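>>> Mind looking at a prediction? Sequence and model below.
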Amino acid sequence: MRRQLLRALVHSLDEESFTDVSIDRLAERAGLARSTFYLHFSDKVELLEALAVDVIDEIVDAGEYWWSLGPGITKEDLREGLERLADAYRSHHTVMTAVVEAASYDERIRRHFELLVTTGSKQIADHIRKGQEQGFVARELDAETTAGWITWMSERGLYKCVIPADAAQTERHMQTYTNIVWNTLYEGAR
């Protein structure tokens, strides 16, 4: 029944904002009674929270390809890593839209959203430090500050630029995204 409710939420988010989603419609869409909803979740935010945990894990996992690259990294490798990250974000854009929306007023969702950003930023900072030690990332960069900028730029860029874009626009955005990260981290070390 939890899976039915999670699927119902995803389908509802394709049609309306999280704020507009009602428990009645979720239960109906899942083929359940409203009272059954409350056996599993205290409110729709708790349902979103359950969904967000898996989505955030998937997005973080998608970043592992990029963050694991080493001294032989090429611009094409970076592009592949950023594509994997963008694909994971894009495949869950309705959930991420709801998370961003709900994070503005709900502390539980805000913590999950901050976890995504904090985890991504930490992984990028670790990658930067490793790259500086091995000589493939520019040494003058402050790892934490740079990682924070890249993480927030990535999240907002994916949300505002890549998600609503058509194929041609997406290609331009991804090429620009790759160039920004490449020039910031790697070009100065070469």
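Received the coordinates, thanks. Numbers count the residues shown, from 1 in each chain.

>>> Tell me the pLDDT of the residue nearest to residue 26 when sequence neighbours are not counted.
Counting by Cβ to Cβ, 6 or more residues apart in numbering, residue 8 is the residue found nearest to residue 26 once chain neighbours are left out, at 4.9 Å. To be clear about C-beta, it is placed using only N, CA and C from the backbone, and glycine gets the same treatment. The model reports residue 8 with a pLDDT of 92.

>>> Can you tell me the element residue 8 falls in?
Using DSSP states H and E, residue 8 falls within helix 2-13.

>>> Which of the residues in that helix are classified as buried?
4-6, 8-9, 12-13 (16 or more other Cβ atoms under 10 Å).

>>> Which one of those residues is nearest to residue 108?
For the buried residues of helix 2-13, the minimum distance to residue 108 (Cβ to Cβ) is 15.2 Å, reached by residue 9.

>>> Could you check how far the helix or strand in which residue 173 is found is from the centre of its chain?
If you go by DSSP H and E, residue 173 is part of helix 167-181. Remark: helix 167-181 is offset 17 Å from the chain centroid, using Cα atoms, centre = their mean, to the nearest Å.

>>> in that helix, what's buried?
Neighbour-count burial for helix 167-181 flags 170, 173-174, 177-178, 180-181 (criterion: 16+ other Cβ under 10 Å).

>>> Does residue 131 touch residue 189 like I think?
Yes. Counting by Cβ atoms under 8 Å, residue 131 touches residue 189, with 7.2 Å between them.

>>> These two: which has the busier surroundings?
More crowded of residue 131 and residue 189, by other Cβ atoms under 10 Å: residue 131, with 22 against 17.
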